[in-house]
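Q: Prediction below, plus the sequence it came from.
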Amino acid sequence: MRVTLDDIRSREQQHVLQTYKRQPVVFVRGQGSRLYDADGREYLDLLTGIGVASLGHAHPGLTAIVKEQAETLLHTSNLYYHPFQAQAAERLAQLSGLQRVFFCNSGTEANEANLKFARRYWYTLGEKQRVEYVAVENGFAGRTMGALSVTHDAHYREPFQPLVGPVTFVDPNRPETLAAAVTNKTAAIIAEPIRGESGIRNLPEGFVQAVKDVTAKTGTLLIADEVQSGLGRTGYGFYFQALGWTPDLVSVGKALGSGVPVAAALVSEKVAGAISAGDHGTTYGGNLLSCRAALFFLEQLMDHGVLEHVREVSVNFERQLRALALKYPVIEEVRGAGLMRGLQLTIDATPIVDGARERGLIVNRTNEKVVRMLPPLNIEQADLDRAVEILDEVFASVPAEVRA
(Lines give C-alpha, C1' and ligand atoms only; values in the text may rest on other atoms or scores of the structure.)
Protein backbone atom coordinates (compact mmCIF):
# COMPACT_ATOMS: atom_id res chain seq x y z
CA MET A 1 0.00 0.00 0.00
CA ARG A 2 1.45 3.35 -1.09
CA VAL A 3 1.76 5.94 1.66
CA THR A 4 0.76 9.54 1.01
CA LEU A 5 1.52 12.77 2.83
CA ASP A 6 -2.17 13.41 3.50
CA ASP A 7 -2.73 9.94 5.01
CA ILE A 8 0.29 10.20 7.28
CA ARG A 9 -0.48 13.77 8.32
CA SER A 10 -4.09 12.84 9.18
CA ARG A 11 -3.07 9.86 11.29
CA GLU A 12 -0.34 11.82 13.09
CA GLN A 13 -2.78 14.59 13.95
CA GLN A 14 -4.92 12.02 15.71
CA HIS A 15 -2.30 10.00 17.53
CA VAL A 16 1.14 11.67 17.65
CA LEU A 17 1.89 14.32 20.26
CA GLN A 18 2.09 17.58 18.33
CA THR A 19 5.54 18.77 19.38
CA TYR A 20 7.01 19.03 15.86
CA LYS A 21 6.27 21.39 12.98
CA ARG A 22 7.01 19.03 10.13
CA GLN A 23 7.79 20.06 6.56
CA PRO A 24 5.46 18.73 3.84
CA VAL A 25 7.50 15.75 2.64
CA VAL A 26 7.56 12.01 3.44
CA PHE A 27 10.98 10.37 3.10
CA VAL A 28 10.94 6.62 2.55
CA ARG A 29 14.43 5.76 1.28
CA GLY A 30 18.01 7.03 1.23
CA GLN A 31 21.22 6.27 -0.62
CA GLY A 32 24.51 8.01 0.08
CA SER A 33 23.93 11.77 0.17
CA ARG A 34 20.42 11.47 -1.24
CA LEU A 35 16.92 11.00 0.11
CA TYR A 36 13.81 9.87 -1.80
CA ASP A 37 10.25 10.81 -0.94
CA ALA A 38 7.05 8.76 -1.24
CA ASP A 39 6.62 9.95 -4.84
CA GLY A 40 10.14 8.84 -5.77
CA ARG A 41 11.55 12.36 -5.98
CA GLU A 42 15.28 12.74 -5.20
CA TYR A 43 16.76 15.24 -2.74
CA LEU A 44 20.36 16.11 -1.93
CA ASP A 45 20.63 15.90 1.85
CA LEU A 46 22.71 18.62 3.52
CA LEU A 47 21.10 18.11 6.93
CA THR A 48 21.51 14.35 7.60
CA GLY A 49 18.82 14.23 10.25
CA ILE A 50 20.51 17.17 12.03
CA GLY A 51 24.02 15.80 11.80
CA VAL A 52 23.13 12.17 12.54
CA ALA A 53 23.57 10.28 9.23
CA SER A 54 27.29 11.00 9.29
CA LEU A 55 28.15 8.34 6.68
CA GLY A 56 25.14 9.15 4.54
CA HIS A 57 22.17 6.84 4.02
CA ALA A 58 22.21 3.07 3.57
CA HIS A 59 25.98 2.87 3.85
CA PRO A 60 26.76 -0.71 2.74
CA GLY A 61 29.30 -1.38 5.48
CA LEU A 62 27.03 -0.10 8.25
CA THR A 63 24.06 -1.92 6.75
CA ALA A 64 26.00 -5.19 6.79
CA ILE A 65 27.10 -4.95 10.43
CA VAL A 66 23.61 -3.86 11.62
CA LYS A 67 22.10 -6.83 9.80
CA GLU A 68 24.70 -9.22 11.17
CA GLN A 69 24.30 -7.94 14.72
CA ALA A 70 20.50 -8.04 14.53
CA GLU A 71 20.77 -11.69 13.50
CA THR A 72 23.17 -12.42 16.38
CA LEU A 73 22.38 -10.46 19.57
CA LEU A 74 21.01 -6.94 20.06
CA HIS A 75 20.91 -6.38 23.78
CA THR A 76 21.84 -7.94 27.11
CA SER A 77 21.95 -4.91 29.51
CA ASN A 78 24.87 -3.43 31.40
CA LEU A 79 24.72 -6.22 33.96
CA TYR A 80 27.01 -8.20 31.65
CA TYR A 81 30.05 -7.71 29.42
CA HIS A 82 29.91 -7.75 25.63
CA PRO A 83 32.70 -7.36 23.03
CA PHE A 84 32.02 -3.91 21.57
CA GLN A 85 31.72 -1.40 24.42
CA ALA A 86 35.39 -1.48 25.33
CA GLN A 87 36.47 -1.36 21.68
CA ALA A 88 34.33 1.71 20.93
CA ALA A 89 35.45 3.34 24.18
CA GLU A 90 39.09 2.79 23.28
CA ARG A 91 38.64 4.51 19.91
CA LEU A 92 36.85 7.47 21.53
CA ALA A 93 39.68 7.76 24.05
CA GLN A 94 42.24 7.77 21.23
CA LEU A 95 40.32 10.48 19.36
CA SER A 96 39.63 12.72 22.36
CA GLY A 97 42.40 12.14 24.89
CA LEU A 98 39.83 11.45 27.64
CA GLN A 99 40.28 7.94 28.92
CA ARG A 100 36.85 6.94 30.24
CA VAL A 101 33.51 6.61 28.44
CA PHE A 102 29.91 6.27 29.60
CA PHE A 103 27.60 5.19 26.77
CA CYS A 104 24.03 6.43 26.55
CA ASN A 105 21.37 7.03 23.90
CA SER A 106 21.35 10.71 22.97
CA GLY A 107 23.32 13.93 23.23
CA THR A 108 20.91 15.25 25.81
CA GLU A 109 21.61 12.21 27.98
CA ALA A 110 25.35 12.72 27.53
CA ASN A 111 24.99 16.26 28.85
CA GLU A 112 22.83 15.03 31.73
CA ALA A 113 25.51 12.51 32.65
CA ASN A 114 28.29 15.08 32.55
CA LEU A 115 26.34 17.55 34.68
CA LYS A 116 25.91 14.77 37.25
CA PHE A 117 29.54 13.71 37.06
CA ALA A 118 30.69 17.29 37.68
CA ARG A 119 28.68 17.50 40.88
CA ARG A 120 29.80 14.04 41.95
CA TYR A 121 33.44 15.05 41.53
CA TRP A 122 33.17 17.92 44.01
CA TYR A 123 30.98 15.89 46.40
CA THR A 124 33.67 13.19 46.54
CA LEU A 125 36.31 15.83 47.24
CA GLY A 126 34.22 17.09 50.17
CA GLU A 127 33.34 20.43 48.52
CA LYS A 128 29.61 19.84 48.64
CA GLN A 129 28.76 23.50 48.00
CA ARG A 130 30.08 23.28 44.43
CA VAL A 131 26.77 22.48 42.75
CA GLU A 132 26.29 25.47 40.43
CA TYR A 133 26.92 25.78 36.70
CA VAL A 134 28.02 28.50 34.33
CA ALA A 135 26.66 28.27 30.78
CA VAL A 136 26.88 30.36 27.63
CA GLU A 137 24.25 32.66 26.18
CA ASN A 138 22.73 31.24 22.99
CA GLY A 139 23.85 27.77 24.03
CA PHE A 140 21.69 24.66 23.65
CA ALA A 141 22.30 21.47 25.62
CA GLY A 142 19.02 19.58 25.20
CA ARG A 143 15.46 19.34 26.47
CA THR A 144 15.57 17.09 29.55
CA MET A 145 15.45 18.94 32.83
CA GLY A 146 19.18 19.11 33.55
CA ALA A 147 20.24 19.85 29.98
CA LEU A 148 17.40 22.35 29.66
CA SER A 149 18.70 24.14 32.74
CA VAL A 150 21.92 25.06 30.93
CA THR A 151 20.10 25.91 27.66
CA HIS A 152 19.80 29.67 27.29
CA ASP A 153 16.74 30.35 25.11
CA ALA A 154 13.78 31.35 27.28
CA HIS A 155 11.42 29.83 24.70
CA TYR A 156 12.68 26.38 25.70
CA ARG A 157 13.05 27.07 29.42
CA GLU A 158 10.17 29.14 30.76
CA PRO A 159 7.27 26.67 30.53
CA PHE A 160 9.19 24.14 32.61
CA GLN A 161 10.66 26.20 35.43
CA PRO A 162 11.85 25.82 38.11
CA LEU A 163 14.75 23.93 36.59
CA VAL A 164 17.98 22.49 38.00
CA GLY A 165 20.19 25.25 39.26
CA PRO A 166 21.61 27.62 40.10
CA VAL A 167 22.88 28.41 36.58
CA THR A 168 24.58 31.65 35.50
CA PHE A 169 24.60 32.51 31.80
CA VAL A 170 27.46 34.61 30.47
CA ASP A 171 27.75 36.61 27.26
CA PRO A 172 30.73 35.25 25.28
CA ASN A 173 31.17 38.69 23.72
CA ARG A 174 32.03 39.96 27.20
CA PRO A 175 34.70 37.47 28.31
CA GLU A 176 35.53 39.53 31.39
CA THR A 177 32.18 38.45 32.90
CA LEU A 178 33.25 34.80 33.08
CA ALA A 179 35.67 35.29 35.99
CA ALA A 180 32.97 37.02 38.03
CA ALA A 181 30.42 34.30 37.25
CA VAL A 182 32.65 31.47 38.49
CA THR A 183 32.73 31.23 42.28
CA ASN A 184 33.67 28.68 44.92
CA LYS A 185 30.18 27.21 44.38
CA THR A 186 30.65 26.51 40.67
CA ALA A 187 30.93 22.84 39.73
CA ALA A 188 31.47 23.31 36.00
CA ILE A 189 31.39 25.56 32.97
CA ILE A 190 29.49 24.00 30.07
CA ALA A 191 30.02 25.33 26.56
CA GLU A 192 29.60 24.25 22.95
CA PRO A 193 32.84 24.97 21.06
CA ILE A 194 30.53 25.95 18.19
CA ARG A 195 26.94 26.68 19.20
CA GLY A 196 24.83 24.68 16.79
CA GLU A 197 21.14 25.16 17.48
CA SER A 198 21.49 28.91 17.92
CA GLY A 199 22.89 29.36 14.43
CA ILE A 200 26.37 27.78 14.08
CA ARG A 201 27.98 30.46 16.25
CA ASN A 202 31.73 30.32 16.88
CA LEU A 203 33.00 31.48 20.25
CA PRO A 204 35.02 34.73 20.24
CA GLU A 205 38.76 34.28 20.81
CA GLY A 206 38.64 36.34 23.99
CA PHE A 207 36.07 34.03 25.51
CA VAL A 208 37.99 30.92 24.45
CA GLN A 209 41.01 32.26 26.32
CA ALA A 210 38.91 33.31 29.31
CA VAL A 211 37.68 29.72 29.68
CA LYS A 212 41.28 28.49 29.74
CA ASP A 213 42.31 31.12 32.29
CA VAL A 214 39.37 30.66 34.65
CA THR A 215 39.47 26.87 34.71
CA ALA A 216 43.23 26.89 35.29
CA LYS A 217 42.94 29.40 38.11
CA THR A 218 39.91 28.00 39.95
CA GLY A 219 39.96 24.29 39.10
CA THR A 220 36.38 24.56 37.88
CA LEU A 221 35.56 21.64 35.59
CA LEU A 222 34.96 22.23 31.89
CA ILE A 223 32.25 20.35 30.01
CA ALA A 224 32.67 20.63 26.24
CA ASP A 225 29.32 19.95 24.58
CA GLU A 226 30.45 18.46 21.26
CA VAL A 227 27.16 16.76 20.42
CA GLN A 228 26.91 18.68 17.15
CA SER A 229 30.49 19.85 16.57
CA GLY A 230 32.37 16.68 17.49
CA LEU A 231 33.44 13.47 15.76
CA GLY A 232 35.04 14.98 12.68
CA ARG A 233 32.25 17.38 11.77
CA THR A 234 34.57 20.41 11.78
CA GLY A 235 37.65 18.69 10.35
CA TYR A 236 38.97 18.05 13.86
CA GLY A 237 38.27 14.99 15.96
CA PHE A 238 36.68 17.45 18.39
CA TYR A 239 36.55 21.20 18.01
CA PHE A 240 37.84 21.76 21.55
CA GLN A 241 41.19 20.65 20.10
CA ALA A 242 41.13 23.57 17.67
CA LEU A 243 40.44 25.94 20.59
CA GLY A 244 43.24 24.57 22.76
CA TRP A 245 40.88 23.53 25.55
CA THR A 246 41.54 20.56 27.84
CA PRO A 247 38.02 19.67 29.03
CA ASP A 248 37.36 17.36 31.93
CA LEU A 249 34.14 16.08 30.36
CA VAL A 250 32.94 15.92 26.75
CA SER A 251 29.42 15.18 25.48
CA VAL A 252 29.06 13.40 22.13
CA GLY A 253 26.08 12.10 20.17
CA LYS A 254 24.43 12.60 16.77
CA ALA A 255 27.16 11.39 14.36
CA LEU A 256 28.42 8.56 16.57
CA GLY A 257 26.13 5.80 15.27
CA SER A 258 25.48 7.26 11.81
CA GLY A 259 21.75 6.79 12.43
CA VAL A 260 21.80 4.12 15.14
CA PRO A 261 20.96 5.89 18.44
CA VAL A 262 24.11 6.08 20.57
CA ALA A 263 25.88 8.82 22.50
CA ALA A 264 28.58 9.08 25.13
CA ALA A 265 29.95 11.10 28.01
CA LEU A 266 33.75 11.21 27.82
CA VAL A 267 35.38 11.55 31.23
CA SER A 268 38.93 12.40 32.28
CA GLU A 269 40.76 10.10 34.68
CA LYS A 270 40.66 12.88 37.29
CA VAL A 271 36.87 12.97 37.30
CA ALA A 272 36.46 9.23 36.77
CA GLY A 273 38.32 8.61 40.02
CA ALA A 274 35.52 10.34 41.92
CA ILE A 275 32.72 8.23 40.42
CA SER A 276 31.52 5.01 42.03
CA ALA A 277 29.49 2.01 40.87
CA GLY A 278 25.80 2.88 40.85
CA ASP A 279 26.31 6.65 40.43
CA HIS A 280 24.73 6.54 36.97
CA GLY A 281 23.19 3.99 34.66
CA THR A 282 21.10 3.27 31.59
CA THR A 283 19.12 0.33 30.24
CA TYR A 284 19.70 0.66 26.50
CA GLY A 285 22.91 2.69 26.53
CA GLY A 286 25.94 0.92 25.14
CA ASN A 287 24.21 -2.24 23.95
CA LEU A 288 25.73 -4.50 21.30
CA LEU A 289 24.02 -2.93 18.29
CA SER A 290 24.71 0.69 19.22
CA CYS A 291 28.35 0.09 20.17
CA ARG A 292 29.04 -1.93 17.06
CA ALA A 293 27.60 0.89 14.94
CA ALA A 294 29.70 3.43 16.86
CA LEU A 295 32.81 1.32 16.40
CA PHE A 296 32.17 1.07 12.66
CA PHE A 297 31.74 4.84 12.37
CA LEU A 298 34.92 5.53 14.37
CA GLU A 299 36.90 3.12 12.21
CA GLN A 300 35.67 4.91 9.08
CA LEU A 301 36.52 8.29 10.59
CA MET A 302 39.94 7.40 11.95
CA ASP A 303 41.24 4.59 9.74
CA HIS A 304 39.55 4.97 6.36
CA GLY A 305 40.09 8.61 5.49
CA VAL A 306 36.78 10.21 6.45
CA LEU A 307 38.37 12.83 8.72
CA GLU A 308 40.89 13.76 6.04
CA HIS A 309 38.06 13.90 3.48
CA VAL A 310 36.16 16.43 5.61
CA ARG A 311 39.25 18.65 5.69
CA GLU A 312 39.70 18.40 1.93
CA VAL A 313 36.16 19.12 0.73
CA SER A 314 35.36 21.76 3.36
CA VAL A 315 37.97 24.16 1.96
CA ASN A 316 36.19 24.55 -1.36
CA PHE A 317 32.75 24.41 0.29
CA GLU A 318 33.60 27.38 2.51
CA ARG A 319 35.02 29.28 -0.46
CA GLN A 320 31.82 28.69 -2.44
CA LEU A 321 29.61 29.81 0.44
CA ARG A 322 31.63 32.98 0.87
CA ALA A 323 31.30 33.66 -2.85
CA LEU A 324 27.52 33.35 -2.45
CA ALA A 325 27.64 35.86 0.40
CA LEU A 326 29.51 38.33 -1.80
CA LYS A 327 26.93 37.85 -4.54
CA TYR A 328 23.85 38.17 -2.32
CA PRO A 329 23.96 40.81 0.46
CA VAL A 330 21.02 39.03 2.13
CA ILE A 331 23.71 36.60 3.38
CA GLU A 332 25.20 38.59 6.23
CA GLU A 333 27.80 36.07 7.41
CA VAL A 334 29.17 32.57 6.76
CA ARG A 335 29.89 30.77 10.03
CA GLY A 336 31.17 27.47 11.34
CA ALA A 337 34.01 25.13 10.40
CA GLY A 338 34.51 22.05 8.24
CA LEU A 339 31.13 20.60 7.27
CA MET A 340 29.26 22.46 10.02
CA ARG A 341 28.06 25.65 8.31
CA GLY A 342 25.52 28.37 8.87
CA LEU A 343 24.45 31.27 6.65
CA GLN A 344 23.31 34.22 8.76
CA LEU A 345 20.67 36.07 6.75
CA THR A 346 19.13 39.52 7.04
CA ILE A 347 15.70 37.94 6.48
CA ASP A 348 13.80 34.97 7.88
CA ALA A 349 15.35 31.77 6.50
CA THR A 350 12.03 30.01 5.87
CA PRO A 351 11.65 30.95 2.17
CA ILE A 352 15.24 29.87 1.51
CA VAL A 353 14.71 26.49 3.17
CA ASP A 354 11.39 26.01 1.35
CA GLY A 355 12.86 27.08 -1.98
CA ALA A 356 15.77 24.71 -1.56
CA ARG A 357 13.48 21.79 -0.75
CA GLU A 358 11.31 22.54 -3.78
CA ARG A 359 14.47 22.33 -5.91
CA GLY A 360 15.61 19.06 -4.31
CA LEU A 361 17.98 20.27 -1.56
CA ILE A 362 17.49 19.66 2.17
CA VAL A 363 18.81 22.31 4.56
CA ASN A 364 17.11 23.76 7.62
CA ARG A 365 16.30 26.97 9.43
CA THR A 366 17.56 27.60 12.92
CA ASN A 367 17.56 30.73 15.07
CA GLU A 368 15.02 32.18 12.61
CA LYS A 369 17.51 33.79 10.22
CA VAL A 370 20.14 31.05 9.80
CA VAL A 371 20.35 28.37 7.10
CA ARG A 372 22.08 25.39 8.71
CA MET A 373 24.02 22.75 6.77
CA LEU A 374 25.38 19.48 8.22
CA PRO A 375 26.09 17.22 5.21
CA PRO A 376 27.38 13.65 5.41
CA LEU A 377 31.05 13.58 6.38
CA ASN A 378 31.81 11.44 3.31
CA ILE A 379 29.89 13.63 0.85
CA GLU A 380 31.47 13.98 -2.59
CA GLN A 381 32.74 17.36 -3.76
CA ALA A 382 30.39 17.20 -6.76
CA ASP A 383 27.39 16.99 -4.42
CA LEU A 384 28.57 20.02 -2.46
CA ASP A 385 29.04 21.87 -5.76
CA ARG A 386 25.47 20.99 -6.78
CA ALA A 387 24.13 22.08 -3.39
CA VAL A 388 25.75 25.50 -3.79
CA GLU A 389 24.31 25.78 -7.31
CA ILE A 390 20.82 25.15 -5.92
CA LEU A 391 21.34 27.71 -3.16
CA ASP A 392 22.46 30.18 -5.81
CA GLU A 393 19.18 29.58 -7.68
CA VAL A 394 17.17 30.04 -4.49
CA PHE A 395 18.84 33.30 -3.46
CA ALA A 396 18.48 34.60 -7.03
CA SER A 397 14.73 33.96 -6.78
CA VAL A 398 14.35 36.17 -3.69
CA PRO A 399 12.83 39.50 -4.80
CA ALA A 400 15.48 42.17 -5.28
CA GLU A 401 13.85 44.52 -2.81
CA VAL A 402 14.06 41.81 -0.13
CA ARG A 403 17.68 40.81 -0.81
CA ALA A 404 18.96 44.38 -1.03
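A: Everything's here; your move. Numbers count the residues shown, from 1 in each chain.

Q: so where is this protein shaky, pLDDT-wise?
A: 1, 400-404 (pLDDT under 70).

Q: Longest helix in it, by number of residues?
A: helix 306-327 (DSSP state H).

Q: And that one, what does it pack against?
A: Helix 306-327 sits against strand 331-337, strand 340-345, helix 381-397, with contacts defined as 3 or more CB pairs under 8 Å, 6 or more residues apart in numbering; DSSP states H and E. No exception for glycine: its C-beta is placed from N, CA and C like everyone else's.

Q: Mind putting those into JSON lines with distance to residue 253?
A: What follows is the helices and strands packed on helix 306-327, written out as JSON lines (distance: least, CB to CB, whole Å):
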{"stretch": "strand 331-337", "distance to residue 253": "18"}
{"stretch": "strand 340-345", "distance to residue 253": "14"}
{"stretch": "helix 381-397", "distance to residue 253": "24"}
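
Q: Ok, which of those comes nearest residue 68?
A: When those are ranked by proximity to residue 68, the top entry is helix 381-397, at 28.9 Å, counting by CB to CB.

Q: Centroid-nearest residue for the protein?
A: Closest to where the C-alpha atoms of the chain average out (CA atoms, centre = their mean) is residue 228, at 1.6 Å.

Q: who touches stretch 144-152?
A: 108-109, 111-112, 115-116, 133, 135-143, 156-157, 160, 163-165, 167, 169, 190, 198 (CB atoms under 8 Å, 6 or more residues apart in numbering).

Q: Mind listing what's buried along that stretch?
A: Buried residues in stretch 144-152, counted by 16 or more other CB atoms under 10 Å: 144, 146-152.

Q: Quick one: residues contacting the closest residue to residue 351 other than its chain neighbours.
A: Nearest residue to residue 351, sequence neighbours excluded (CB to CB, 6 or more residues apart in numbering): residue 398, at 6.8 Å. Applying CB under 8 Å, 6+ apart, we find residue 398 in contact with 328, 330, 347, 351-352.

Q: Next: residue 331.
A: Residue 331 makes contact with 324-325, 343-345, 395 under the criterion CB under 8 Å, 6+ apart.

Q: And the residues you listed, which two are furthest apart?
A: Applying CB to CB across the contacts of residue 331, the maximum distance is between 344 and 395, 13.4 Å.

Q: Among those two, which residue is more densely surrounded?
A: residue 395 (22 against 19; other CB atoms under 10 Å).

Q: Tell me who's in contact with the closest residue in space to residue 297 that isn't next to it in sequence.
A: Once flanking residues are discounted, residue 297 sits nearest to residue 258: 4.9 Å by CB to CB, 6+ apart. Residue 258 makes contact with 52-55, 59, 62, 293, 296-297, according to CB under 8 Å, 6+ apart.

Q: ok, these vs residue 253, which is closest?
A: residue 52 (8.5 Å).

Q: number of nearby residues for the closest one?
A: Other residues close to residue 52 by other CB under 10 Å number 18.

Q: Got phi/psi on the closest residue to the residue nearest to the centre of the chain other than its chain neighbours?
A: Spatial nearest neighbour of residue 228, excluding adjacent residues (CB to CB, 6+ apart): residue 196 at 3.5 Å. When read as degrees, to the nearest 10, the backbone of residue 196 gives phi -80, psi -60.

Q: Next: residue 270.
A: The phi/psi pair for residue 270 (degrees, to the nearest 10) is phi -60, psi -50.

Q: Correct me if wrong: it contacts residue 248.
A: Yes: Residue 270 lies in contact with residue 248 (CB atoms under 8 Å); the separation is 6.5 Å.

Q: Between the two, which contacts overlap?
A: By CB under 8 Å, 6+ apart, the residues touching both residue 270 and residue 248 are residue 121.

Q: which element is the residue lying closest to residue 366 once chain neighbours are set aside on?
A: Spatial nearest neighbour of residue 366, excluding adjacent residues (CB to CB, 6+ apart): residue 372 at 4.8 Å. Residue 372 is located in strand 370-373, with elements delineated by DSSP states H and E.

Q: Show me the strands paired with that strand, marking each as parallel or antiparallel.
A: strand 340-345 (antiparallel), strand 364-366 (antiparallel) (DSSP bridges).

Q: That strand: how far from the chain's middle?
A: From the chain centre to the centre of strand 370-373 is a distance of 14 Å (CA atoms, centre = their mean, to the nearest Å).

Q: Then stretch 101-114?
A: 12 Å.

Q: swap in stretch 381-391?
A: Worked out by CA atoms, centre = their mean, stretch 381-391 lies 23 Å from the chain centre.
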